[in-house]
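# sequence unknown, structure follows:
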């Protein structure tokens with residue numbers, strides 16, 4: 001049956017298709033008697049798995065029939081494409097024998113590798129390069145493979161009377177937690193025990209060593225390992241851990257053995273290919289007794305490449321400190337109802353993310369299984385998972401919320417860009433808006449209304465009836481007008497960030513009909529005009545939108561990574577600013593919006609944030625937002641988005657506080673502190689009314705402000 005070269009070709013083709021049963025059918029009867037189909041198949045599958053085989057090419061080279069006509073030899077070449085060792089090329093020869101009915105292949109495992117003769121087996125020793133580091137824009141480390149870490153412990157019996165509060169505050173600062181958490185860790189243990197409290201970065205301990213060493217009862221030990229500096233940007237940087245079982249197969253196809261520690265979220269996951277480097281290894285043959293027999297193939301590992309982010313480490317620390325201290329300052333007023341918060345800072349002219357903070361945080365150091373961290377032995381991780389505030393949730397990029405009056409920037413853009421209104425178009429606000437009839441009466445957040453004002457003044461004072469009026473006008477012209485301008489700002493779409501993000505939602509007539517089978521009405525346009533209804537945006541999207549207004553109309557893709565490469569060498573990859581879209585608004589229209597945003601922060605008696613920002617040493621422009629949530633009795637979402645300096649913009653800052661209350665009251669002071677930190681100005685204390693529930697202005701009727 002067939003000629004020997006045809007049988008050999010069919011065997012090689014079946015091999016490339018992993019048709020082991022078809023291959024086995026082409027063996028001689030003697031070979032089939034020596035090896036069962038199961039043994040034959042297991043040999044091929046196990047060697048393929050061991051060498052991390054991806055695919056192979058097997059081609060016949062020449063056929064050499066014997067003069068007797070009953071035997072033949074076929075030379076062939078097989079190229080194994082493997083994940084760990086790359087391509088392995090073997091030139092082999094198969095022997096064929098003519099039986100009573102057909103030609104058959106005289107088979108042994110040497111037709112895979114010659115070194116498998118005599119019952120030998122193969123083993124792969126994988127060599128993994130050290131995982132690379134992650135740096136900020138200035139070359140300061142954010143994640144280091146071999147950082148020095150100091151474990152701080154305490155012997156309560158040795159603490160001097162009267163210094164506990166001072167000591168707990170210092171320890172809380174070093175360990176990035178609260179004094180209450182510090183004290184809870186040691187107060188219930190026997191006073192003579194040495195109780196580990198947590199790990200701190202060595203450079204922070206060194207900077208505070210004089211103060212720390214002055215307290216009796218403090219003990220420190222130093223170790224090294226992969227370390228996340230000062231618990232900065234955990235939602236952005238991510239964390240590492242063992243390969244999840246459900247993903248093991250995919251990792252093994254990429255050359256992982258299965259017991260490695262890999263990036264599981266954030267840039268650690270996104271940059272796994274670079275941070276982990278290229279694995280190398282040695283494929284060797286061993287005798288049945290386990291003795292080394294021969295080396296088959298080798299490839300040296302290639303060093304891992306570091307990620308150089310767009311983050312500014314010092315600014316990131318300042319932003320997180322601003323959020324920490326804000327929640328501490330508001331503990332008697334707005335903070336108890338607030339589920340979380342976020343701040344994002346962008347470079348206006350590139351889209352580079354300078355800082356990104358989502359509150360509350362988590363400590364990625366505790367999650368690395370190679371780290372021996374005191375907290376990992378307690379309930380830290382289970383507490384995080386049970387925390388109703390969802391500390392692992394990145395509110396900046398994954399959180400989507402109604403934007404409230406911050407969306408009035410888009411509504412004003414629609415009014416101007418469509419030609420329906422001009423910056424000086426006047427409207428008289430009585431405090432009540434009822435253009436949709438007696439069954440749909442709406443109110444201004446300011447009792448009695450704003451009076452007769454221009455469009456620019458309406459944005460400064462966040463006048464709801466004026467913007468209801470715009471929603472009414474745009475809806476009369478085209479229900480899709482407002483949604484179209486929203487999409488111009490890239491709302492409702494992912495921005496292409498290197499880490500997980502949500503697209504949000506820009507509702508329109510088609511969406512409404514597809515979702516619930518209802519027709520869009522003027523009421524829907526009016527709701528959308530003040531950032532309510534089904535509209536959902538992320539703080540990151542809002543920052544990109546505000547940046548486009550500040551920079552003259554360019555929507556930049558937000559970037560987290562500046563370049564990738566080996567330390568001390570030219571980058572292998574560099575990311576340039578990428579333009580996603582250019583707004584259709586005119587230069588004059590954009591300038592009118594910027595002037596109104598400046599008025600929000602600088603016009604006494606009208607600008608909604610002037611009482612918080614009017615005396616700043618750097619000129620700022622922005623917009624407040626107070627977004628209603630569907631749950632009855634729950635405080636609104638507090639927003640503030642703005643940029644600085646007004647005349648020559650450098651940064652955009654967007655602050656969002658879940659269920660925090662008024663945008664001007666709660667979000668604007670956090671914005672102020674971040675801007676002051678960026679420009680290295682004296683830091684203004686948080687407002688006195690935050691500390692006193694009798695002074696704090698916290699009413700849900702301010703929706704729209």
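That came through, no problem. Since this is a predicted model, take the numbers as computed values, not measurements. Numbers count the residues shown, from 1 in each chain.

# where does the stretch 151-300 of the chain have low pLDDT?
Low-confidence segments of the stretch 151-300 of the chain, defined by pLDDT under 70, are absent; every residue clears the threshold.

# how about the helices in it?
Ranges of helices within the stretch 151-300 of the chain are 164-175, 179-186, 202-207, 209-213, 234-237, 248-253, 266-270, 272-276, based on DSSP state H, counting those that start in this stretch.

# for these, which one ends up most surrounded?
The densest packing among those, expressed as mean neighbour count by mean count of other Cβ atoms under 10 Å, is seen in helix 234-237 with a mean of 26. For glycine as for every other residue, the C-beta is placed from the backbone atoms N, C-alpha and C.

# which elements pack onto it?
Helices and strands in packing contact with helix 234-237 are listed as helix 266-270, strand 353-359; criterion 3 or more Cβ pairs under 8 Å, 6 or more residues apart in numbering; DSSP states H and E.

# and residue 241, what does it touch?
Contact criterion Cβ atoms under 8 Å, 6 or more residues apart in numbering gives 261, 262, 264, 367, 368, 369 as the residues in contact with residue 241.

# tell me where the stretch 301-450 of the chain has strands.
Counting by DSSP state E, counting those that start in this stretch, one finds strands in the stretch 301-450 of the chain at the ranges 306-309, 340-347, 353-359, 426-429, 432-433, 442-443.

# neighbouring strands of the longest one in the sheet, and parallel or not?
I take that to be strand 340-347. strand 353-359 (antiparallel), strand 651-658 (antiparallel) (DSSP bridges).

# between the ones you listed, which one is nearest to residue 520?
Minimum separation from residue 520 across these (Cβ to Cβ) falls at strand 651-658, 27.6 Å.

# contact partners of that closest one?
Residues lying outside strand 651-658 but in contact with it, judged by Cβ under 8 Å, 6+ apart, are 334, 338-348, 354, 395, 399, 401, 539-540, 542-543, 546-547, 550, 637-644, 666-668, 670-671, 674-675, 678.

# sorry, back to before: of the contacts of residue 241, buried ones?
If you count burial by 16 or more other Cβ atoms under 10 Å, the buried members of the contacts of residue 241 come out as 261, 262, 264, 367, 368.

# just give the closest residue to the first one, not the sequence neighbours.
What that stands for is residue 261. Leaving aside its chain neighbours, residue 261 sits nearest to residue 240 (5.1 Å; criterion: Cβ to Cβ, 6 or more residues apart in numbering).

# try the fourth one
Counting by Cβ to Cβ, 6+ apart, residue 367 lies nearest to residue 239, which is 4.4 Å off, once chain neighbours are set aside.

# would you confirm that the one you found contacts residue 364?
Yes - with contact taken as Cβ atoms under 8 Å, residue 239 and residue 364 are classed as touching, separated by 3.7 Å.

# now do the shared contacts for those two.
Contacts common to residue 239 and residue 364, judged by Cβ under 8 Å, 6+ apart, are residue 228.

# what about these two, which has more around it?
Ranked by neighbour count (other Cβ atoms under 10 Å), residue 239 and residue 364 place residue 364 first, with 26 against 23.

# now do the more buried one against residue 320, distance only.
14 Å (Cβ to Cβ, to the nearest Å).

# which parts of the worst-scoring helix or strand of the chain on mean pLDDT are buried?
Ranking every helix and strand in the chain by mean pLDDT, DSSP states H and E puts helix 380-386 at the bottom, with a mean of 81. Taking 16+ other Cβ under 10 Å as the basis for neighbour counts, the residues of helix 380-386 that come out buried are 380, 384.

# could you say what helices and strands it packs with?
Packed against helix 380-386, as judged by 3+ Cβ pairs under 8 Å, 6+ apart, are the following elements: helix 364-367.

# next one: the helix it packs on to chain centre, how far?
A distance of 16 Å separates the C-alpha centroid of helix 364-367 from that of its chain, computed with Cα atoms, centre = their mean, to the nearest Å.

# my guess is residue 659 meets residue 339, correct?
Yes - checked against Cβ under 8 Å, the pair residue 659 and residue 339 is within contact range at 5.6 Å.

# circling back: any chance of TSV for the helices of the stretch 151-300 of the chain, columns distance to residue 21?
Compiled in TSV, these are given as follows (distance: least, Cβ to Cβ, whole Å):
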stretch	distance to residue 21
helix 164-175	61
helix 179-186	62
helix 202-207	61
helix 209-213	70
helix 234-237	49
helix 248-253	23
helix 266-270	39
helix 272-276	36
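
# on that earlier part again, tell me, what's touching residue 364 and residue 320 both at once?
Counting by Cβ under 8 Å, 6+ apart, the common neighbours of residue 364 and residue 320 are residue 231.

# could you give me the buried positions within stretch 583-600?
When neighbours are counted by 16+ other Cβ under 10 Å, the buried residues of stretch 583-600 are found to be 583, 585, 589, 590, 592, 593, 594, 596, 597, 598, 599, 600.

# ok, and the closest non-adjacent residue to the last one?
Using Cβ to Cβ, 6+ apart and skipping the chain neighbours, the partner closest in space to residue 600 is residue 607 (4.6 Å).

# just the fifth one next, same as before
Spatially, and ignoring its direct neighbours in sequence, residue 592 is nearest to residue 423 (3.9 Å; Cβ to Cβ, 6+ apart).

# what's the pLDDT at that neighbour?
According to the model's per-residue confidence, residue 423 sits at a pLDDT of 98.

# now the one 10 residues further on
Residue 433 is assigned a pLDDT of 95 by the prediction.

# all helices of the stretch 351-500 of the chain, in order?
Counting by DSSP H, counting those that start in this stretch, the helices of the stretch 351-500 of the chain are 364-367, 380-386, 408-417, 455-461, 464-477, 481-488.

# one step back: who wins for proximity to residue 33 among the strands of the stretch 301-450 of the chain?
That would be, of those and by Cβ to Cβ, strand 306-309, which comes in at 57.7 Å.

# can you list the helices and strands that that closest one packs against?
Right, strand 306-309 is packed against strand 134-135, helix 272-276, strand 561-565 by 3+ Cβ pairs under 8 Å, 6+ apart.

# residues in contact with it: which ones?
Identification of contacts with strand 306-309 by Cβ under 8 Å, 6+ apart yields 132-137, 139, 142, 236, 267, 271, 274-275, 353, 560-567, 571.

# now do 7 Å
By Cβ atoms under 7 Å, 6 or more residues apart in numbering, the list of residues contacting strand 306-309 from outside reads 132-137, 142, 267, 271, 274-275, 560-565, 567.

# check the strands paired with strand 340-347 for me and report the most buried one.
Of all the strands paired with strand 340-347, strand 651-658 has the most neighbours on average by mean count of other Cβ under 10 Å, namely a mean of 29.

# just checking, next helix/strand downstream of that one?
Sequence-wise, the next helix or strand beyond strand 651-658 is helix 668-678, with elements assigned using DSSP states H and E.

# ok so, going back, tell me the one of the buried ones among the contacts of residue 241 nearest residue 165?
Top of the list for closeness to residue 165, among these and by Cβ to Cβ, is residue 367 at 30.6 Å.

# so residue 527 sits in a strand?
No - secondary structure assignment places residue 527 outside any strand; it is helix (DSSP: H, G, I helix; E, B strand; the rest coil).

# for residue 497, give me its contacts.
Under the criterion of Cβ under 7 Å, 6+ apart, the contact partners of residue 497 comprise 397, 540, 558, 560.

# tell me the secondary structure at the spatially closest residue to residue 639 that is not a sequence neighbour.
On the basis of Cβ to Cβ, 6+ apart, the spatially nearest residue to residue 639 that is not a chain neighbour turns out to be residue 625, at 3.1 Å. Three states are possible here, and by three-state DSSP the one that applies to residue 625 is strand.

# quick check: pLDDT value at residue 625.
The model's pLDDT for residue 625 equals 96.

# that one reaches residue 402, doesn't it?
No - Residue 625 is beyond contact range of residue 402, at 8.9 Å (criterion: Cβ atoms under 7 Å).
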